[in-house]
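S.K.: let's see this in three dimensions:
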Amino acid sequence: MSNGDIFVGEVIGTAILILFGAGVCAAVTLRYSKARAAGWIVIAFGWGLGVLAGAYTAAPLSGGQLNPAVTLGIAVDTGVWGKVWVYLLGQMVGAMLGAVLAYLVYFAQFRANVRDVGTTEGTADEPVPTIGIFSTVPEIRNPAANLMTEIIATTALVLPILAFGLTTGLGKSGTLVLIVSLLVVGIGLSLGGPTGYAINPARDLGPRIVHTFLPIPHKGTSDWGYAWVPVVGPLIGGALAGLIYNAAF
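M.R.: I've put the predicted structure just below:
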């Protein structure tokens, strides 16, 4: 694969992933969405299906890694680092693009993120905080515990992805992407409760950058004090998974 193919594939695939993921978070969160308050199960499946759509789309061009933690785990396992920077660049650009697209889809809902004036409906409602639509927010802010959660959850993602490669024909048949998508749903349902399961540095950092600059009324903080946790934790988890796989398999 050429650098150009890898970059384009990762941009497109990661943009689709974030469009679906931030989109389902917006659907569940924003006041005037038909899916408002649909719940965590809907969010977990929305992210899993985002992985499915993004990875299948990117696979012919880049292999559809879509996640710096996965890219790092593969590099640690194989010792091949030459194209890592291309993957990371494409993933970050794609994550920011996907966040902008999700914002545009829910543009009217984001614009309505204010108290209604001159009506009785909604006048008692506070503006909805929006950072959780784009990036992760821990339920209990404990950096050490949050970091540990992200490390464990990301290891639980990347190690199976590496092990799936041992099954002959799984990748060629296209089943691998489906299985990884279900794995993401499972991680969300089982391990996502404490932090919102970033398990992907680009997925959290790219949209957080976009959220900082988007003109959303009363959007609230972008929470940069927490931003290092969903970047460092998944990177440690990805590297740990590569080391474990290399040693055990």
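S.K.: list the contacts of Lys83.
M.R.: Contacts were defined as C-beta atoms under 8 Å, 6 or more residues apart in numbering; by that measure Lys83 touches Met1, Asn3, Ile6. For the C-beta atoms, the positions are set from N, CA and C on the backbone; glycine is no exception.
S.K.: Val231: which of those residues is nearest?
M.R.: Nearest to Val231 among these is Ile6, at 21.3 Å by C-beta to C-beta.
S.K.: wait, that closest one sits on Gly90?
M.R.: Yes - using C-beta atoms under 8 Å, Ile6 and Gly90 qualify as a contacting pair, with a distance of 6.4 Å.
S.K.: so what's Val24 closest to, chain neighbours aside?
M.R.: What sits nearest to Val24 in space, not counting adjacent residues and going by C-beta to C-beta, 6 or more residues apart in numbering, is Gly46, at 2.7 Å.
S.K.: actually Gly94, sorry about that
M.R.: Nearest in space to Gly94, with sequence neighbours left out and distances taken as C-beta to C-beta, 6+ apart, is Thr14 at 2.9 Å.
S.K.: quick one: the one you found from Pro68, how far?
M.R.: As defined by C-beta to C-beta, to the nearest Å, Thr14 lies at a distance of 10 Å from Pro68.
S.K.: for Ile41, same thing?
M.R.: Between Ile41 and Pro68 the computed distance is 27 Å (C-beta to C-beta).
S.K.: for this protein, which helix is longest?
M.R.: Ordering each helix of the chain by length in residues (DSSP state H) puts helix 3-29 first.
S.K.: quick one: which of Ile41 and Pro68 has more around it?
M.R.: In this comparison of Ile41 against Pro68, neighbours counted by other C-beta atoms under 10 Å, the higher total goes to Pro68 at 24 against 11.
S.K.: no further queries at this time; thank you.
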